[in-house]
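Student: would you be able to build a 3D model of this:
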Amino acid sequence: MNKTILTLVMISLSLTAKSQNTSVEKSVSGIQIGLLGIWAHNEAKLSNQIALRTEIGLDSGIWSGDYYDGTGFLMTPVLTVEPKWYYNLNKRERKSRRTDGNNGNFVSLKLTYHPDWFVISNYDNINIINDVSIIPTWGIRRNIGNHFNYETGIGVGYRYVFAKQAGYLENESETAVNLHLRIGYRF
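Tutor: Modelled structure (predicted):
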């Protein structure tokens, strides 16, 4: 009887020790580049599966048409705040897959602001109109070695453009898409 109780206690202790949740890291900082920009970010732990990503960077744009002599290019500042829920960390841990550097699948709510602070462009006197967007996004992040990673995501949301600021009669709202593929370096 004592051996049975001792065996049950040992099994329950080992199950309790194994049932701890895998967690996002306390802080992850890095830099990422993509087809249309460069960004520096930090993800701070809010709970075991939720991190708050703050980001500053330069979004890019390319255009051409009948009103321009050639193809135009611009880079403008962007500020982003994005709570991320990494929903599959425990599953990745059970399958002995990496979770360091917040490596996993996520769902987020990306809040982005484009201020009209400055514009880098191959045309003179280019300005942008301030806008803010909120986009629910699904994505993944995977590590390549110890410091490099890639991240991809897709989402559809809402964008509000402060057009009155630029002399238009009304501000505008529209559907916004977040489609990104980035390669990054984690510090």
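Student: below-threshold pLDDT in this protein: ranges please.
Tutor: Counting by pLDDT under 70, the chain contains low-confidence residues at 1-20.
Student: ok, and the closest non-adjacent residue to Lys26?
Tutor: Lys45 (4.9 Å; C-beta to C-beta, 6 or more residues apart in numbering). In short, each C-beta sits where N, CA and C put it, glycine included.
Student: how about the contacts made by that neighbour?
Tutor: Ser23, Val24, Glu25, Lys26, Ser27, Ala51 (C-beta atoms under 8 Å, 6 or more residues apart in numbering).
Student: now do 10 Å
Tutor: Ser23, Val24, Glu25, Lys26, Ser27, Val28, Ala51, Leu52, Asn102 (C-beta atoms under 10 Å, 6 or more residues apart in numbering).
Student: please name the bridge partners of it.
Tutor: Going by DSSP bridges, Lys45 is paired in beta bridges with Ala51.
Student: quick one: it from Ala176, how far?
Tutor: From Lys45 over to Ala176 the distance is 28 Å, taken as C-beta to C-beta, to the nearest Å.
Student: cool, Gly34 as well?
Tutor: 17 Å.
Student: same check on Arg92?
Tutor: In terms of C-beta to C-beta, Arg92 sits 30 Å off from Ala176.
Student: and Thr99, what helix or strand is that in?
Tutor: Using DSSP states H and E, Thr99 maps to neither a helix nor a strand.
Student: you'd agree it is up against Phe106?
Tutor: No - the pair Thr99 / Phe106 is not scored as a contact, 11.9 Å apart, by C-beta atoms under 10 Å.
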